[in-house]
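# The amino acid sequence is not available; the structure is as follows:
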(Lines give C-alpha, C1' and ligand atoms only; values in the text may rest on other atoms or scores of the structure.)
Protein backbone atom coordinates (compact mmCIF):
# COMPACT_ATOMS: atom_id res chain seq x y z
CA UNK A 1 0.00 0.00 0.00
CA UNK A 2 1.42 3.40 -0.91
CA UNK A 3 1.97 6.09 1.73
CA UNK A 4 -0.89 8.38 0.70
CA UNK A 5 -3.41 5.56 0.78
CA UNK A 6 -2.10 4.30 4.11
CA UNK A 7 -2.33 7.77 5.70
CA UNK A 8 -5.86 8.20 4.32
CA UNK A 9 -7.08 4.83 5.56
CA UNK A 10 -5.35 4.88 8.95
CA UNK A 11 -5.94 8.49 9.96
CA UNK A 12 -9.01 9.96 8.23
CA UNK A 13 -12.14 10.12 10.36
CA UNK A 14 -15.61 11.25 9.44
CA UNK A 15 -17.68 12.52 12.33
CA UNK A 16 -21.40 11.67 12.58
CA UNK A 17 -22.55 15.23 11.85
CA UNK A 18 -21.32 18.62 10.73
CA UNK A 19 -22.28 19.90 14.18
CA UNK A 20 -19.85 17.40 15.77
CA UNK A 21 -17.14 18.58 13.37
CA UNK A 22 -17.78 22.25 14.19
CA UNK A 23 -17.69 21.58 17.93
CA UNK A 24 -14.45 19.63 17.66
CA UNK A 25 -12.76 22.35 15.60
CA UNK A 26 -13.86 24.98 18.13
CA UNK A 27 -12.06 23.13 20.93
CA UNK A 28 -8.71 23.42 19.14
CA UNK A 29 -7.41 20.54 21.27
CA UNK A 30 -7.21 17.84 18.66
CA UNK A 31 -4.78 15.09 19.52
CA UNK A 32 -1.99 15.07 16.96
CA UNK A 33 -0.91 11.81 15.39
CA UNK A 34 2.39 11.08 13.68
CA UNK A 35 3.05 9.08 10.54
CA UNK A 36 6.56 7.93 9.67
CA UNK A 37 7.34 8.28 5.97
CA UNK A 38 9.50 5.68 4.23
CA UNK A 39 12.31 8.24 3.88
CA UNK A 40 12.45 8.70 7.66
CA UNK A 41 10.60 12.01 7.80
CA UNK A 42 7.64 12.33 10.14
CA UNK A 43 4.32 13.93 9.20
CA UNK A 44 2.23 15.33 12.04
CA UNK A 45 -1.53 15.21 11.52
CA UNK A 46 -4.07 17.17 13.55
CA UNK A 47 -7.09 19.00 12.14
CA UNK A 48 -6.46 17.36 8.76
CA UNK A 49 -7.70 14.07 10.16
CA UNK A 50 -11.20 15.56 10.20
CA UNK A 51 -11.02 18.49 7.76
CA UNK A 52 -10.14 16.56 4.63
CA UNK A 53 -12.98 13.99 4.86
CA UNK A 54 -15.43 16.74 5.91
CA UNK A 55 -14.47 18.74 2.82
CA UNK A 56 -16.23 16.12 0.69
CA UNK A 57 -19.49 17.38 2.18
CA UNK A 58 -18.46 21.03 2.80
CA UNK A 59 -15.69 22.05 0.34
CA UNK A 60 -15.67 25.61 1.71
CA UNK A 61 -13.85 24.24 4.79
CA UNK A 62 -10.69 24.04 2.71
CA UNK A 63 -11.58 27.16 0.72
CA UNK A 64 -12.64 25.34 -2.45
CA UNK A 65 -15.41 26.66 -4.62
CA UNK A 66 -16.95 23.45 -5.90
CA UNK A 67 -20.05 21.35 -5.40
CA UNK A 68 -20.25 19.06 -2.40
CA UNK A 69 -20.82 15.31 -2.80
CA UNK A 70 -24.62 15.41 -2.38
CA UNK A 71 -24.85 18.14 -5.06
CA UNK A 72 -22.68 16.11 -7.44
CA UNK A 73 -24.82 13.01 -6.96
CA UNK A 74 -28.10 14.87 -7.33
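Thanks, I have the structure now. These numbers were taken from a predicted model, which means no experiment stands behind them.
# what about the helices in the protein?
Assigned by DSSP state H, the chain shows helices spanning 3-11, 18-27, 48-55, 69-73.
# can I get these in TSV with mean pLDDT, distance to residue 38 and mean neighbour count?
Heads up, the C-betas are built off the backbone N, CA and C, glycines and all. Shown next, in TSV, are those (pLDDT from 0 to 100; distance: least, CB to CB, whole Å; neighbours: other CB atoms under 10 Å):
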stretch	mean pLDDT	distance to residue 38	mean neighbour count
helix 3-11	82	6	12
helix 18-27	88	30	12
helix 48-55	89	19	19
helix 69-73	91	31	9
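# Residue 42: which of the ones you listed is closest?
The closest of these to residue 42 is helix 3-11. By CB to CB, the value is 11.9 Å.
# how distant is that closest one from the center of its chain?
11 Å (CA atoms, centre = their mean, to the nearest Å).
# For stretch 19-26, give me every contacting residue.
Residues from elsewhere that reach stretch 19-26 (CB atoms under 8 Å, 6 or more residues apart in numbering): 15, 30, 47, 50, 51, 54.
# okay, the helices of the chain in TSV with distance to residue 39 next?
Shown next, in TSV, are the helices of the chain (distance: least, CB to CB, whole Å):
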stretch	distance to residue 39
helix 3-11	10
helix 18-27	31
helix 48-55	20
helix 69-73	33
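# distance of residue 28 from residue 47?
Distance of residue 28 to residue 47, given as CB to CB, to the nearest Å: 9 Å.
# Name the residue in those two with the higher neighbour count.
Counted by other CB atoms under 10 Å, residue 28 and residue 47 do not tie: residue 47 has more neighbours, with 14 against 8.
# ok, and the closest non-adjacent residue to that one?
Spatial nearest neighbour of residue 47, excluding adjacent residues (CB to CB, 6 or more residues apart in numbering): residue 30 at 5.8 Å.
# how far away is that neighbour from residue 21?
Taking CB to CB as the measure, residue 30 falls 11 Å from residue 21.
# hey, what's in contact with both of these two?
Common contact partners of residue 30 and residue 21 (CB under 8 Å, 6+ apart): residue 50.
# In contact with the nearest residue to residue 45 once chain neighbours are set aside, which residues?
Of all residues not flanking residue 45 in the chain, residue 33 sits nearest, at 5.0 Å (CB to CB, 6+ apart). Residue 33 makes contact with 11, 44, 45, 46, 49, according to CB under 8 Å, 6+ apart.
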